[in-house]
Structure formats: C-alpha cells, structure tokens
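# All I have is the shape, not the residue letters:
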C-alpha cells in the first residue's frame, strides 16, 4: 500500500501550505505537563497525548512475563503493574465498561462512566464541522460528523456534488474498542507506526486506526457503493480518511476562520475552533 508515502507527502504539504496560519497540531499539544493525568473518580486517566508511552510500558511488561528465569512473585508483581497501567488507559477502560453494558444496557452508572471515558478519546470528540480537499482543484469542502453509539458518520455539507452530493454520507467508521473488548465484533486495526523523521514533526509515534467504509459513485451520484476504508487519527485536531481500494486519502482539520462559510454556517465559532 502506498498509504504512508502518500499521506506524508501530499498531506504534509497540504497542511503546511493551506493551514500555516493555524498550526493545529503543535500549538495545542504540549501546553502543560499538568495535563498528563485526568482525575476520574478514584482512577487516574492518562492524557491521550501520553498514551503511547503507557501502552509501550504495558507491552514491555507483557513480554517480560515470558522470561525463562522469572519467579512466581515477580510474575504476580508484573501482572499487578499491568492492571494498574491499564486503568490509566481510557480506551481500555471504555472497552471494559462497554463489555459490562452488553449485559446491563440500562445501567445509568455504567452509561455515565462510559461517557466519561469517551470524553478522553479524541476519536469520540470529532463531532461538528471539518474541511478537507476532495479534489485537486484546490477547493475545500465541509463535512459534518455525528455519532450513533460507536459509529461515526460524516455527511457532505458543501461541494460540487458531481459524485457524492451535499447531504449524503461520504464515509463512516466503527470506533468500537475492539482491540481491548471481549464483546466488540469490529475488526481491530493496529496503529500506524511512523518513522522517526515524521515523529519529530507530528510528535505522535503511533496513529490510531479504525475500520470504516467510504462511499463512491459516478458523476450524478450514479452507481453509488461502499468500499473499505480506514479512519486514521493524526492528533486531536486532524485526521485522515482513506478509501482503501483506490489509495485515496483526504486530510481533515477544523475549519480555520479564513475558510469559514458564514453564509452557510453563521458566525465563526471562535470559542470552539479558534486557537
């Protein structure tokens, strides 16, 4: 697949040129070290910005369990440490609560706890308007994202409508925590691991991926069909959707003020989108 080269060729250039006045990724990310832990009841939840290091530590501890000379006491201690770290991972905890909700779907305390963990995961906080370039013509189309349970849906809000018209779904993704849940039925996609030269710019070593479907059609919305796709989280403020059979990717960010369409969407929501 040409995904890695295409993404960090075309889309890094797109991001740098079109949105240089609002560098979403860098300016919000490491504002303060105090964001490391989020207090949620009796648990301490690790900020999404630091999850890679927590998950790497868990992986290393799991590998150490298979060392030949490790004793039972050490095994018990390692397992306790793994459980302690897992409780800091909001996605792991959301998966655990989701499993319980399968058996008790109307439990209000579980529903509230699940919602609290969702708030800590950027892929569950993409609701609202985004922009991305659907063609090489340089025009940026708006999409609007909404959720129903763990399913994300993106609807075209602007565009020429030659293939997927305004008002139709352009892509959808299943955000179920399948890599951690014993109940989820969706496919577990391993994160995209980036080379060091890319990490130095984007700060994230691993990019979370989620299975989805992208809609395609001929001009006039003729012969529309769904094809396999991936939603890739770049950071809290940008993501990519990939139409897999065509290696076609669109890079999305929150709309900056100079590209906002006030006629369609009203005054620019400074508090929500502005840095």
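Thanks, I have it. Values in this document were obtained by computation on a predicted structure and should not be read as measured data. Numbering: from 1, shown residues only.

# could you list every residue that touches residue 66?
For residue 66, no contacting residues are found, by Cβ atoms under 8 Å, 6 or more residues apart in numbering. From N, CA and C alone the C-beta is placed, and that goes for glycine too.

# wait, is it part of a helix?
No. With DSSP: H, G, I helix; E, B strand; the rest coil as the criterion, residue 66 is assigned coil and is not in a helix.

# All further residue positions should be reported with the first residue as 545.
From this message on, residue numbering opens at 545, which makes the last subject residue 610.

# which phi and psi does it have?
Comment: the main-chain dihedrals of residue 610 come out as phi -100, psi 10, following degrees, to the nearest 10.

# how far away is it from residue 794?
Remark: distance between residue 610 and residue 794 (Cβ to Cβ, to the nearest Å) = 42 Å.

# do the same with residue 672
Between residue 672 and residue 794 the distance, using Cβ to Cβ, works out to 17 Å.

# Those two: who's more crowded?
Comparing residue 672 with residue 794 by neighbour count (other Cβ atoms under 10 Å), the higher total belongs to residue 794, at 24 against 14.

# quick one: buried residues of stretch 792-812?
Neighbour-count burial for stretch 792-812, with 16 or more other Cβ atoms under 10 Å as criterion, is recorded at 793, 794, 795, 796, 797, 798, 799, 800, 804, 812.

# again, but for stretch 604-623
Neighbour counts over stretch 604-623 (16+ other Cβ under 10 Å) mark residue 622 as buried.

# Report the distance from it to the chain centre.
What separates the centre of stretch 604-623 from the centre of its chain is 32 Å, taken as Cα atoms, centre = their mean, to the nearest Å.

# mind checking the end-to-end distance for that stretch?
Using Cα to Cα, to the nearest Å, the end-to-end distance of stretch 604-623 comes to 12 Å.

# Distance check, residue 698 against residue 789.
Between residue 698 and residue 789 the computed distance is 18 Å (Cβ to Cβ).

# Please say which of the two ends up with more neighbours.
A side-by-side neighbour count of residue 698 and residue 789, using other Cβ under 10 Å, places residue 698 first with 24 against 11.

# Would you mind giving both backbone torsions of the closest residue to residue 797 other than its chain neighbours?
In space, not counting the residues next to it along the chain, residue 797 is nearest to residue 782; the distance is 4.8 Å by Cβ to Cβ, 6 or more residues apart in numbering. Backbone torsions of residue 782, given as degrees, to the nearest 10, read phi -160, psi 150.

# How many residues are close by residue 782?
Applying other Cβ under 10 Å, we find 21 residues neighbouring residue 782.

# from what I can see it touches residue 795, true?
Yes. Using Cβ atoms under 8 Å, residue 782 is in contact with residue 795, at 6.8 Å.

# Can you name the next helix or strand after the helix or strand harbouring residue 794?
Assessed by DSSP states H and E, residue 794 sits inside strand 792-797. Along the chain past strand 792-797, the next helix or strand (assigned with DSSP H and E) turns out to be helix 806-809.

# what kind of secondary structure is the closest residue to residue 698 other than its chain neighbours in?
Once its chain neighbours are removed from consideration, residue 698 has its nearest residue in residue 687; the separation is 4.6 Å (Cβ to Cβ, 6+ apart). Three-state assignment for residue 687 (three-state DSSP): strand.
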